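Enquirer: generate a structure from the sequence data that follows.
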Amino acid sequence: MSKFVFVTGGVVSSLGKGITVASLGRLLKSRGLKVSALKFDPYLNVDPGTMSPFQHGEIFVTEDGGECDLDLGHYERFIDTNLTKESNITSGKIYWSILSKERKGGYDGGTVQVIPHVTNEIKDRIWSLAERSEADVLLVEIGGTVGDIEGLPFMEAIRQFRMDVGREASLFIHVTLVPYVAAAKELKTKPTQHSVKELRSIGIQPDVIVCRSEAPLTEDIRAKVALFCNVEEEAVIPNPDVESIYEIPLCFAEARLDEIVLERLNLTAAPADLDSWRELVSVIKNLSQKVVVGIVGKYVSLPDAYLSVAEALRHAGIHHGVDVELRWIEAEDLEEGRTDLLKDLDGIVVPGGFGPRGVEGKITAAQYAREHKIPYFGICLGMQSAAIELARNVAGLEDAGSVEFGSCAHPVISFIPGYPQVTGLEGAMRVGTYACQILPGTRSEQCYGQEVVYERHRNRYTINQDYVESLAGAGMRVAGVSSEGLVEIIELEDHPWFVGTLFHPEFKSRPTRPHPLFVGFMQAILDNKKG
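Expert: Below you'll find the predicted structure:
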């Protein structure tokens, strides 16, 4: 039977519960255990697919087409495993399931209540994923902070879950803040004490407390937290600020977090094999070269909106021993003629997005990269922007555009054939993993080294087949196609590196296994600098 670790958070959000889950998962996997993860989000949206990136950061896509919380990206990158849509459950999904059943008479006329029906549905989702994944340990993160009204059903469910499976099969980790008060020149434990008090008031006593702090925890602070929060001192785990998030598993290993979890869950496992991870961190701390990559987007005021893109670039940099400085460029600034923002860049990335805002700025970025021979990587809308730019400025189709942004004389970007022609949030999308045939003699073939690849998509539009010939005459080369004949990858022939993808390669990049296209992009940047 699976063992279960529940991770909650207190005091403030964004403390790093997701990184805690991912790091612990890395440690347990390094001991030969099979690990899976589940994120509960208390909001009422069915999934984050219709949420603005300003609200929720990026929408991470799983192999089976789940539109999920960005924490699943952390889980996959650290644990190096592919999760499914069942690894992200929201209150919206829970209530949707219950109300659909109620409308069909599934409760035999009974009164449907939070307890037991909502809590039972939550527990069923935990059991279902544990059975399906066949995990030795299932890590379960509860979104939000303790005390949130919308999170109470999840807290009650996991309280009951421990009663169901017993103490040797379940463990509670509470992530909390130990702030540094500059005026007093000391760390303060009172917020942690109050957070644990709140957690205990709903019947959950944490077994382990992970303390986020700017400064390292002293032994006195750890002892104080242990005393007032009723945990053993060794179970107060420091989690100070570090240069790279990839250091955190090693910090936890030093604090014996994985050993404590194994002891409490009565699990036997092999010694941790962290050699590759230590080597990774060593490389990160000793990067010798530096390159500057501009990310031209419409949500750059919240970099989490492009979290996987940023991490994929860093992974490729680590692979080449290069420190990647990311320069965030607002697409709307380029619409106002601020092309000076693109100067001194070693590479330009235009990531995905929806809606007309900032698109002309993305098109300007593609034009600048093409004309100035700067390595360019366009992802989804970034690929579409590049195709529109080429059509307008090289193929002579002055009114080229996309059906997403209104009528135009030359809809170079059109709806994917067979999908409902609806714009906005209601339109169906092509989401999940699809095969792509890599064409011979292309840069993409050099990167992948194989004929067929499988990549994750989240798109509604693609290059209009009626314009492929015109674009080819302007210098575009089709480098990858889907089984349905959709253009999946485009390249420019006379350019150091100019590649656009319909899919999102960033979702499959790992720190120890960077994505081939990002590796190729970084190599082109280095070659271009030398040239």
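
Enquirer: contacts and neighbour counts: CA atoms only from here.
Expert: Fine.

Enquirer: so residue 209 sits in a strand?
Expert: Yes. Assigned with DSSP: H, G, I helix; E, B strand; the rest coil, residue 209 falls within a strand.

Enquirer: for it, report the pLDDT, please.
Expert: Per-residue pLDDT puts residue 209 at 98.

Enquirer: bridged to it, which residues?
Expert: residue 174, residue 236 (DSSP bridges).

Enquirer: against residue 475, how distant is it?
Expert: Distance of residue 209 to residue 475, computed by Cα to Cα, to the nearest Å: 58 Å.

Enquirer: compare these two (neighbour count), which wins?
Expert: residue 209 (30 against 16; other Cα atoms under 10 Å).

Enquirer: what about the more buried one, distance to residue 236?
Expert: Distance from residue 209 to residue 236, by Cα to Cα: 5 Å.

Enquirer: name the SS class of residue 353, please.
Expert: coil.

Enquirer: ramachandran angles for residue 453?
Expert: Backbone torsions of residue 453, given as degrees, to the nearest 10, read phi -130, psi 160.

Enquirer: for it, the count of nearby residues, please.
Expert: Residue 453 has 15 nearby residues by other Cα under 10 Å.

Enquirer: and what of residue 225?
Expert: 25.

Enquirer: buried set for the helix-or-strand element of the chain with minimal mean pLDDT?
Expert: Least confident helix or strand of the chain, by mean pLDDT, DSSP states H and E, is helix 53-56 with a mean of 86. Buried residues in helix 53-56, counted by 16 or more other Cα atoms under 10 Å: residue 53.

Enquirer: helix or strand next in line after that helix, which one?
Expert: Heading C-terminal from helix 53-56, the first helix or strand you meet, by DSSP states H and E, is strand 60-61.

Enquirer: that next one: partners in the sheet, and parallel or antiparallel?
Expert: Sheet pairing for strand 60-61, using DSSP bridges, gives strand 67-68 (antiparallel).

Enquirer: which residues touch the strand it pairs with?
Expert: Residues outside strand 67-68 that contact it (Cα atoms under 8 Å, 6 or more residues apart in numbering): 47, 48, 49, 59, 60, 61, 62, 85, 88.

Enquirer: can you pull the contacts of the fourth one?
Expert: Residues in contact with residue 59 (Cα under 8 Å, 6+ apart) are 48, 49, 53, 67, 68, 69, 70, 305.

Enquirer: now flag whichever of those residues is closest to residue 281.
Expert: residue 70 (22.4 Å; Cα to Cα).

Enquirer: burial of that closest one, as a residue count?
Expert: Residues lying near residue 70 (other Cα under 10 Å) number 22.

Enquirer: how about the nearest residue to it, chain neighbours excluded?
Expert: residue 60 (5.2 Å; Cα to Cα, 6 or more residues apart in numbering).

Enquirer: do residue 395 as well
Expert: Residue 395's closest residue in space is residue 474 (Cα to Cα, 6+ apart), at 5.2 Å.

Enquirer: quick check: phi and psi on that neighbour?
Expert: The phi/psi pair for residue 474 (degrees, to the nearest 10) is phi -90, psi 0.

Enquirer: distance of it from residue 72?
Expert: From residue 474 to residue 72 the distance is 40 Å (Cα to Cα).

Enquirer: neighbour count: these two, which is higher?
Expert: Legend: neighbour count by other Cα under 10 Å for residue 474 and residue 72, higher for residue 72 (28 against 17).

Enquirer: from what I can see that one touches residue 60, true?
Expert: Yes. In this structure, residue 72 is within contact of residue 60 by Cα atoms under 8 Å, at 6.9 Å.

Enquirer: residue ranges with poor pLDDT in this structure?
Expert: 425-426 (pLDDT under 70).

Enquirer: which ones are touching the residue minimising distance to the centre of it?
Expert: Residue closest to the average C-alpha location in the chain (Cα atoms, centre = their mean): residue 73, at 3.1 Å. By Cα under 8 Å, 6+ apart, the contact set of residue 73 is 60, 308, 507.

Enquirer: again, only using 10 Å
Expert: Contact analysis of residue 73 by Cα atoms under 10 Å, 6 or more residues apart in numbering lists 18-19, 22, 58-62, 79-80, 82-83, 307-308, 311, 506-510.

Enquirer: ok, now how distant is the residue nearest to residue 235 when sequence neighbours are not counted from residue 174?
Expert: Excluding the flanking residues, the one nearest residue 235 by Cα to Cα, 6+ apart is residue 208, at 4.8 Å. Using Cα to Cα, one gets 6 Å for the distance from residue 208 to residue 174.

Enquirer: identify the contacts common to these two.
Expert: With Cα under 10 Å, 6+ apart as the test, residue 208 and residue 174 both reach 7, 236.

Enquirer: pull up the overlap in contacts between residue 209 and residue 236.
Expert: Common neighbours of residue 209 and residue 236 (Cα under 10 Å, 6+ apart) are 173, 174, 222, 225, 226, 229.

Enquirer: ok, so of those, who is nearest residue 433?
Expert: residue 173 (33.6 Å).

Enquirer: show me where the stretch 101-250 of the chain has its strands.
Expert: 137-142, 170-177, 180-181, 186-187, 208-213, 236-240 (DSSP state E, counting those that start in this stretch).

Enquirer: actually the stretch 301-450 of the chain, not the one I wrote
Expert: 322-330, 347-350, 376-379, 400-402, 410-415, 430-438.

Enquirer: among these, which comes closest to residue 139?
Expert: Once those are compared by Cα to Cα, strand 430-438 is nearest, at 23.6 Å.

Enquirer: helices along the stretch 101-250 of the chain, start to end?
Expert: Counting by DSSP state H, counting those that start in this stretch, the stretch 101-250 of the chain has helices at residues 119-133, 152-165, 190-201, 219-229, 248-254.

Enquirer: can you redo those as a markdown table with distance to residue 105?
Expert: Converted to a markdown table, the helices of the stretch 101-250 of the chain look like this (distance: least, Cα to Cα, whole Å):
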| stretch | distance to residue 105 |
| --- | --- |
| helix 119-133 | 16 |
| helix 152-165 | 23 |
| helix 190-201 | 36 |
| helix 219-229 | 46 |
| helix 248-254 | 48 |
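
Enquirer: what's across from residue 379 in the sheet?
Expert: Beta-bridge partners for residue 379, by DSSP bridges, are residue 501.

Enquirer: got the contact list for residue 313?
Expert: Neighbours of residue 313 in contact, by Cα under 10 Å, 6+ apart: 293, 319, 323-326, 349, 506, 509, 511, 514-515, 518-519, 521-522.
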